[in-house]
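K.L.:
with the input below, show me the fold.
(chains A, B, C and D)
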2 protein chains.
Amino acid sequence: MQPTIPLAKFLPYQLSITSNAVSGRIAQEYRQRFGLSVPEWRVMAVLGDSGALTQRDLTQRTLMDKVAVNRACKVLEERGLAARTPNAQDGRSHHLDLSDAGREMHGQIMPLAREMERRVFAGFSAEELDAFSSLLLRVRGQVGDLDGDTIDSRNFGIV
Amino acid sequence: MQPTIPLAKFLPYQLSITSNAVSGRIAQEYRQRFGLSVPEWRVMAVLGDSGALTQRDLTQRTLMDKVAVNRACKVLEERGLAARTPNAQDGRSHHLDLSDAGREMHGQIMPLAREMERRVFAGFSAEELDAFSSLLLRVRGQVGDLDGDTIDSRNFGIV
DNA sequence: TATTGTCGGTTGCATAGGCAACTACCTTTG
DNA sequence: CAAAGGTAGTTGCCTATGCAACCGACAATA
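P.N.:
Residues are numbered from 1 along each chain as shown, chains lettered A, B, ... in the order given. Model prediction:
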């Protein structure tokens, strides 16, 4: 046993390595089973639930960089999992929606996602998870308040 | 207000974006004030607390990739913040320790780190933070159990 | 309607980060 | 002590990610 290491007590550090571990584990699963990256999966998850959206909508709902959204959409389209249709209201953007194949895959992915969430957070009560969730939300709010140059959290009802 | 989006309720997702927000905020601070990356800062934090260590020790204590540790060490040495001395016990490795300049910087950084932690987690009780910390630890344990191919958490007293 | 500013989407570039292979050295086994 | 296998550190490569600049289209103002 080593002496107490302050870094290990540093909460941002704990948060970072835990998040990395969880994300890495989940990313590995999606990659192996579906060949999807995390950004691609996120876009699919939102599309499958919301129906056709523009990339702008997707950046808002996923909180990802618009470039990340763009690239994920491009891949999904190339793989035939999603299709773009012109946006009559705005010539700059398209409506992106899942294809039948994409919807089929979405149907397989979401149960897997829930299952992985269940396993990773196994052994916690609903109260603990609620508290955890709300703490994450409040922390995010704190950082947003401190940090003027990033996303404006007031724009996101979903956060 | 948008309809409820499942992605926003997905705990791994919440964890990820919160961690990114916190890490990004902190990384920005270290970069601006000291020109340090997060890996570099982590190495400094451990070195400043533990005294001379090998890169192997540092990879264990920071949980970073050995390449990340190596590169951080190289930068610190080039900047004169740390120095390597031969390891009499093992010709393959060196003992790395902070220089006077590095120790000086360490003395400035650690209070800043604590201050940022305090601000990011402002408004939470000690009990909440303890619960949060132990939940992160348990989640990390779960992922480690599920995931055979990454780090072996049993090696790390610090985790 | 011409101008100016803004916005969605795209591309290019620059950086970070991880994996795999390699070197030099250590350790174990016969 | 020779051989075989393992380990610390290093380098190169490849991918992921983000920013900044750009293009075409919309919006506001005159």
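
K.L.:
toward the C-terminus, what is the element adjacent to the longest helix along chain A?
P.N.:
When chain A is scanned for its longest helix (criterion: DSSP state H), the result is helix A:11-34. Stepping forward along the backbone from helix A:11-34, the first helix or strand reached (DSSP states H and E) is helix A:38-50.

K.L.:
anything in that next one near DNA strand C?
P.N.:
No. Helix A:38-50 lies apart from DNA strand C when judged by CB under 7 Å from any atom of the strand; the minimum separation is 11.7 Å. Yep, even glycine has a C-beta here, placed from its N, CA and C like the rest.

K.L.:
quick one: mean pLDDT over that helix.
P.N.:
When pLDDT is averaged along helix A:38-50, the result is 94.

K.L.:
A:S134 in helix, strand or coil?
P.N.:
helix (DSSP: H, G, I helix; E, B strand; the rest coil).

K.L.:
ok, it to A:K74 distance?
P.N.:
The spacing between A:S134 and A:K74, counted by CB to CB, to the nearest Å, is 36 Å.

K.L.:
and the closest residue to DNA strand D within chain A, how far is that from A:D57?
P.N.:
When CB to the nearest atom of the strand is the measure, chain A has its nearest residue to DNA strand D at A:G91, with 2.7 Å between them. Distance, A:G91 to A:D57, using CB to CB: 16 Å.

K.L.:
between those two, which one's more packed in?
P.N.:
A direct count of neighbours by other CB atoms under 10 Å in any protein chain shown for A:G91 and A:D57 places A:D57 higher, at 18 against 8.

K.L.:
can you name the residues that contact the more buried one?
P.N.:
Counting by CB atoms under 8 Å, 6 or more residues apart in numbering or on different chains, A:D57 makes contact with A:S50.

K.L.:
what strand or helix carries it?
P.N.:
Applying DSSP H and E as the criterion places A:D57 in helix A:55-62.

K.L.:
now stretch A:130-143: how far from the chain's centre is it?
P.N.:
Centroid separation for stretch A:130-143 versus its chain: 16 Å, with CA atoms, centre = their mean, to the nearest Å.

K.L.:
report the buried residues of stretch A:23-40.
P.N.:
A:S23, A:R25, A:I26, A:E29, A:Y30, A:F34, A:L36, A:S37, A:V38, A:P39, A:E40 (16 or more other CB atoms under 10 Å in any protein chain shown).

K.L.:
identify the residue nearest the residue most central in space within chain A in space, chain neighbours excluded?
P.N.:
Centrality entry for chain A: nearest residue to the mean C-alpha point is A:R42, 4.5 Å, by CA atoms, centre = their mean. Counting by CB to CB, 6 or more residues apart in numbering or on different chains, A:R42 lies nearest to A:T62, which is 4.8 Å off, once chain neighbours are set aside.

K.L.:
and A:K9, how many neighbours?
P.N.:
Burial of A:K9, expressed as a neighbour count using other CB under 10 Å, amounts to 12.

K.L.:
the residue nearest to it when sequence neighbours are not counted: how many residues sit nearby?
P.N.:
In space, A:K9 comes closest to B:S133 once its chain neighbours are excluded; the distance is 7.9 Å by CB to CB, 6+ apart. B:S133: 16 surrounding residues under other CB under 10 Å.

K.L.:
cool, and A:Y13?
P.N.:
By other CB under 10 Å, the residues close to A:Y13 number 24.

K.L.:
distance of it relative to B:V22?
P.N.:
Distance, A:Y13 to B:V22, by CB to CB: 10 Å.

K.L.:
okay, the residue nearest to A:K9: pLDDT?
P.N.:
Here the pLDDT value assigned to B:S133 is 94.

K.L.:
quick one: contacts for it?
P.N.:
By CB under 8 Å, 6+ apart, B:S133 lies in contact with A:K9, A:L11, A:Q14.

K.L.:
what is the lowest-pLDDT residue among those residues?
P.N.:
Within the contacts of B:S133, A:K9 has the lowest pLDDT, namely 88.

K.L.:
and for the residue of chain A at minimum distance from chain B, nearest residue in space, chain neighbours not counted?
P.N.:
In chain A, the residue found nearest to chain B is A:S19; the distance is 3.5 Å by CB to the nearest CB. Of all residues not flanking A:S19 in the chain, B:S19 sits nearest, at 3.5 Å (CB to CB, 6+ apart).

K.L.:
and that neighbour, what's its pLDDT?
P.N.:
The per-residue pLDDT of B:S19 was computed as 94.

K.L.:
neighbours of it, just the number please.
P.N.:
Around B:S19 sit 24 other residues, with neighbours defined as other CB under 10 Å.

K.L.:
which residue is the nearest non-sequential neighbour of A:M44?
P.N.:
Take A:M44 and drop its neighbours on the chain: the residue closest to it by CB to CB, 6+ apart is A:H106, 5.6 Å away.
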